[in-house]
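**Student:** Below are the sequence and a predicted model for it; my questions follow.
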Amino acid sequence: MFSVISIYFTIVEILLIPAVLVRVGIFTRIPALIFIVIFYFGYQVYSILGSYPELFYPYISVFSEIQRQGIY
């Protein structure tokens, strides 16, 4: 339950912190900080998506030649 709630906080953090840093103008003073921020938030996005593997339901494409099994 709490991990689902924390996803929303992480998304806000990913959007809010770079907006504040741009507003303050720290990226113009320290250009290498852009790469640090990109890698940090990229890792956060990767860890969010990796925490719920059971939400991924693979499907068979309409164009594939694999035989489908019906429920009935």
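**Tutor:** Perfect, I can see it now.

**Student:** so where do the helices sit in the protein?
**Tutor:** Counting by DSSP state H, the chain forms helices over residues 2-24, 26-29, 32-50, given from the N-terminal end onward.

**Student:** and the gap between Gly25 and Glu13?
**Tutor:** Relative to Glu13, Gly25 is positioned 20 Å away (C-beta to C-beta, to the nearest Å). Quick note: C-beta positions are derived from backbone N, CA and C, even for glycine.

**Student:** More neighbours: which of these two?
**Tutor:** Looking at Gly25 and Glu13 with other C-beta atoms under 10 Å, you find the greater number of neighbours at Glu13, namely 13 against 8.

**Student:** tilt between the helix or strand of the chain with the lowest mean pLDDT and helix 32-50?
**Tutor:** In the chain, no helix or strand scores lower on mean pLDDT, DSSP states H and E than helix 2-24, which sits at a mean of 76. Between the direction of helix 2-24 and that of helix 32-50, the angle (axes from the mean of the first three to the mean of the last three C-alpha atoms, to 10 degrees) works out to 160 degrees.

**Student:** Just the residues contacting helix 2-24, thanks.
**Tutor:** Surrounding helix 2-24, the residues in contact under the criterion C-beta atoms under 8 Å, 6 or more residues apart in numbering are 27, 33, 37, 41, 44-45, 48, 51.

**Student:** how about TSV for the residues you listed, with neighbour count added?
**Tutor:** As requested, these are arranged in TSV below (neighbours: other C-beta atoms under 10 Å):
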residue	neighbour count
Phe27	14
Leu33	13
Val37	16
Phe41	16
Gln44	14
Val45	12
Ile48	15
Ser51	12
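
**Student:** Distance to Phe63 and pLDDT for these - can I get that in TSV?
**Tutor:** What follows is the contacts of helix 2-24, written out as TSV (distance: C-beta to C-beta, whole Å; pLDDT from 0 to 100):
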residue	distance to Phe63	pLDDT
Phe27	45	75
Leu33	46	83
Val37	40	83
Phe41	36	81
Gln44	35	78
Val45	30	74
Ile48	31	70
Ser51	31	65
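
**Student:** rewinding a little: between the helices of the chain, which one is closest to Glu65.
**Tutor:** With respect to Glu65, and counting by C-beta to C-beta, the nearest of the helices of the chain is helix 32-50 at 30.1 Å.

**Student:** All set now, cheers.
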